[in-house]
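Visitor: let's see this in three dimensions:
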Amino acid sequence: MAKLLIIGCGGVASVAIHKCCQNSDVFEEICIASRTIEKCNALKNKLESTTKTKITTAKVDANDVQALVKLIKEVKPDAVLNLALPYQDLTIMDACLETKVHYIDTANYEPEDTAKFEYKWQWAYREKYEKAGITALLGSGFDPGVTSVFSAYALKHYFDEINYIDILDCNAGDHGYPFATNFNPEINIREVSAKGSYWENGKWVETEPMEIKRVYNFPEIGKKDMYLLHHEEIESLALNIPGIKRIRFFMTFGQSYLTHLKCLENVGMTSIEPIMYEGREIIPLQFLKAVLPDPSSLGERTKGKTNIGCIFTGKKDGKEKNLYIYNTCDHQECYKEVGSQAVAYTTGVPAMIGAMMIVNGIWNKPGVYNIEEFDPDPFMEALNKWGLPWKISENPELVD
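Guide: The predicted structure follows:
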């Protein structure tokens, strides 16, 4: 029986909180903390009559290390699940270090003033966390997260070495809006408007945004256009998967999304450079975020499925082998269960599972680790139990 402090109360956090409340045998108590305590209280009021899990709430500024330290000391959690913004990873890691409490997140650190995300800032905490005797579990969402666990599982059970990984993220959901993002618009637009990159033969190869396009026939969905992006799990998998020669990440986008995005870019609305407006400084992308539909409001109107997985090529007993591990998730089924669309669901469920692995001591290794550095088997088993069942194809269509 464990106590978990969850920082953040957006769409992904809402899913993780629902799943913690379904898992009362593990999560005896949770505290939901956010700068907007009204959202925390609304979720508490919705859930507390449906669960044995005790729910408390708190107001906190996740940019303030000492405020976080004070809260952690008051709550006394077994672990902190960070579902706030990626800009706040380091302040939360600092607070966990000072209080010697385990840390879990779903996305790596990204400076607020620079559209660049990589693990070096968080990896720098390795020795400090090891000396403190606590674990930081990085990237316990779906991608990164489940895709990395799929990679570790494939290596453990199906390959002697993996040479090529293609990570494919398809959202075939339709929310009916001309333009909206399925997770935090600020993070989403920064990610897709940045230059792409992939890992090949020991080095990064950079591409222009959306330069490389492929068409893939996704199981249970059909053919979709997908584009090569930079994505954070490539960085850690390149270090942790022996024999790797190339890793690529592709995400699907519809033409309407791309047309609207290009228009917004052309008029400067996706910029993160401050501008003066009516005597005050604003950041265009943050203003755009305020104008766009809140991703947490999309669940009821989104129809269709997601398909996220990994295609592996490698060797087993000296012979070349291909394998595809993937999950499909239905937006409407997610909404019926937890009031969320599938993009938030596929991130929130693994966040709960990662926290469960840590607080139960199933994964117990002081230091800072990416999720593929742990035994994948208990996590894979939990995915099947908690709403993200996976499938395997041993004769998949490959990506050229």
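
Visitor: where is the longest helix in this protein?
Guide: Selection of the longest helix in the chain by residue count, based on DSSP state H, yields helix 342-359.

Visitor: from the chain's centroid, how far away is that helix?
Guide: Between the mean C-alpha location of helix 342-359 and the chain-wide mean there is a distance of 9 Å, by Cα atoms, centre = their mean, to the nearest Å.

Visitor: output it as PDB, restricted to C-alpha atoms.
Guide: Backbone C-alpha positions of helix 342-359 (Å, rounded to 0.1, in the frame of the first residue of the first chain) are rendered in PDB as follows:
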ATOM      1  CA  ALA A 342      -7.000   7.900 -26.400                       C
ATOM      2  CA  VAL A 343      -3.900  10.100 -26.700                       C
ATOM      3  CA  ALA A 344      -4.200  11.100 -23.000                       C
ATOM      4  CA  TYR A 345      -5.200   7.600 -22.100                       C
ATOM      5  CA  THR A 346      -2.200   5.900 -23.800                       C
ATOM      6  CA  THR A 347       0.100   8.200 -21.700                       C
ATOM      7  CA  GLY A 348      -1.800   8.200 -18.400                       C
ATOM      8  CA  VAL A 349      -2.000   4.400 -18.100                       C
ATOM      9  CA  PRO A 350       1.700   3.800 -18.400                       C
ATOM     10  CA  ALA A 351       2.400   6.700 -16.000                       C
ATOM     11  CA  MET A 352       0.300   4.800 -13.400                       C
ATOM     12  CA  ILE A 353       2.100   1.500 -14.200                       C
ATOM     13  CA  GLY A 354       5.500   3.100 -13.900                       C
ATOM     14  CA  ALA A 355       4.600   4.500 -10.500                       C
ATOM     15  CA  MET A 356       3.300   1.100  -9.500                       C
ATOM     16  CA  MET A 357       6.600  -0.600 -10.500                       C
ATOM     17  CA  ILE A 358       8.500   1.900  -8.300                       C
ATOM     18  CA  VAL A 359       6.300   2.000  -5.200                       C
END
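
Visitor: downstream of it, the next helix or strand is which one?
Guide: Using DSSP states H and E, the helix or strand that follows helix 342-359 in sequence is strand 367-370.

Visitor: and residue 256, what element?
Guide: Element membership for residue 256 (DSSP H and E) is helix 255-266.

Visitor: how about that helix: buried residues?
Guide: 261, 264 (16 or more other Cβ atoms under 10 Å). For every residue, glycine as well, the C-beta is placed using N, CA and C.

Visitor: the closest residue to residue 185 other than its chain neighbours: which element?
Guide: Excluding the flanking residues, the one nearest residue 185 by Cβ to Cβ, 6 or more residues apart in numbering is residue 289, at 4.4 Å. Residue 289 is located in helix 284-291, with elements delineated by DSSP H and E.

Visitor: mind listing what's buried in the helix or strand that that helix is followed by?
Guide: The helix or strand immediately downstream of helix 284-291 is strand 305-316, counting by DSSP H and E. Residues of strand 305-316 classed as buried under the neighbour-count rule (16+ other Cβ under 10 Å) are 305-314.

Visitor: sorry, back to before: just the residues contacting the helix holding residue 289, thanks.
Guide: When contacts are taken as Cβ atoms under 8 Å, 6 or more residues apart in numbering, the neighbours of helix 284-291 outside the stretch itself are 184-186, 189-190, 264, 268-273, 275.

Visitor: 7 Å instead?
Guide: 185-186, 189, 264, 268-272, 275 (Cβ atoms under 7 Å, 6 or more residues apart in numbering).

Visitor: residue 379 sits in which helix or strand?
Guide: Residue 379 is part of helix 377-385, with elements assigned from DSSP H and E.

Visitor: what do you get for residue 239?
Guide: For residue 239, the enclosing helix or strand under DSSP H and E is helix 232-240.

Visitor: ok, residue 139 - contacts?
Guide: Going by Cβ under 7 Å, 6+ apart, the list of residues near residue 139 reads 106, 108, 145, 148, 232-233, 370-371.

Visitor: okay if I get those residues as TSV plus distance to residue 319 and neighbour count?
Guide: Listed next are the contacts of residue 139 as TSV, based on distance: Cβ to Cβ, whole Å; neighbours: other Cβ atoms under 10 Å:
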residue	distance to residue 319	neighbour count
106	36	28
108	36	22
145	30	29
148	25	31
232	32	23
233	27	28
370	29	26
371	29	30
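
Visitor: now, among the residues you listed, which is nearest to residue 348?
Guide: Residue 348 has its nearest neighbour among those in residue 106, at 8.5 Å by Cβ to Cβ.

Visitor: touching, that closest one and residue 141? I think so.
Guide: Yes. With contacts defined as Cβ atoms under 7 Å, residue 106 counts as touching residue 141 at a distance of 3.4 Å.

Visitor: touching both of these two, which residues are there?
Guide: Any residue near both residue 106 and residue 141 by Cβ under 7 Å, 6+ apart counts here, and that gives 347, 351.

Visitor: how far does the least confident helix or strand in the chain by mean pLDDT sit from the chain's center?
Guide: Across the helices and strands of the chain, mean confidence by mean pLDDT, DSSP states H and E is lowest for helix 185-193: a mean of 76. The chain centroid and the centroid of helix 185-193 are separated by 14 Å under Cα atoms, centre = their mean.

Visitor: next, the angle from it to helix 255-266.
Guide: Counting by axes from the mean of the first three to the mean of the last three Cα atoms, to 10 degrees, helix 185-193 lies at 100 degrees to helix 255-266.

Visitor: mind listing residues that contact the next helix or strand after helix 185-193?
Guide: The C-terminal neighbour of helix 185-193 among helices and strands, as given by DSSP H and E, is strand 196-200. Identification of contacts with strand 196-200 by Cβ under 7 Å, 6+ apart yields 204-207, 209, 211-212, 228-230, 234, 238, 245-248.

Visitor: tell me which of those is nearest to residue 10?
Guide: Set against residue 10, the nearest of the contacts of strand 196-200 by Cβ to Cβ is residue 229 (21.8 Å).
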